[in-house]
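Peer 1: Using only what follows, build the 3D model:
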Amino acid sequence: MATEEQVIDILKEIVDPEIGVNVVDLGLVYGVEFPQSDSVTVRMTLTAPGCPLHDTITRSAEMAIETLPGVKKAQVDIVWDPPWTPEMLTDEGRRLLGF
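Peer 2: Model prediction:
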């Protein structure tokens, strides 16, 4: 069974193509759950509603998570509450964006 740390680590490989920073350091990942021993659900948001890359980012994240040992099904649920703000960036995200 995968761990939350493994899921977060693999999500660091998913880069928002418009911004060039991974979804974790952008502060887009709101939660990781394991509804069953072989499945993972991630709650995350995007930087803006109507993001044209919504499907690409979501599917890339699901595919990456499904490469983890013991994970057969990954689901990314996009949520809009709370809305994303730049304050949600990690320190690494701020550094990468030059803040």
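
Peer 1: Please make it C-alpha for all contacts and neighbour counts, starting now.
Peer 2: Fine.

Peer 1: sec struct for residue 24, please.
Peer 2: Judged by DSSP: H, G, I helix; E, B strand; the rest coil, the three-state class of residue 24 is coil.

Peer 1: residue ranges of the strands in this structure, please?
Peer 2: 15-16, 21-22, 29-36, 39-44, 73-78 (DSSP state E).

Peer 1: what's the spacing between the first one and its chain's center?
Peer 2: For strand 15-16, the separation from the chain centroid amounts to 9 Å (computed by Cα atoms, centre = their mean, to the nearest Å).

Peer 1: can you list contacts of it?
Peer 2: Residues from elsewhere that reach strand 15-16 (Cα atoms under 8 Å, 6 or more residues apart in numbering): 21-23, 57.

Peer 1: rewinding a little: redo the strands of the chain as CSV? Include mean pLDDT.
Peer 2: CSV is the format used below for the strands of the chain (pLDDT from 0 to 100):
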stretch, mean pLDDT
strand 15-16, 94
strand 21-22, 96
strand 29-36, 96
strand 39-44, 98
strand 73-78, 97
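
Peer 1: Fine by me, thanks again.
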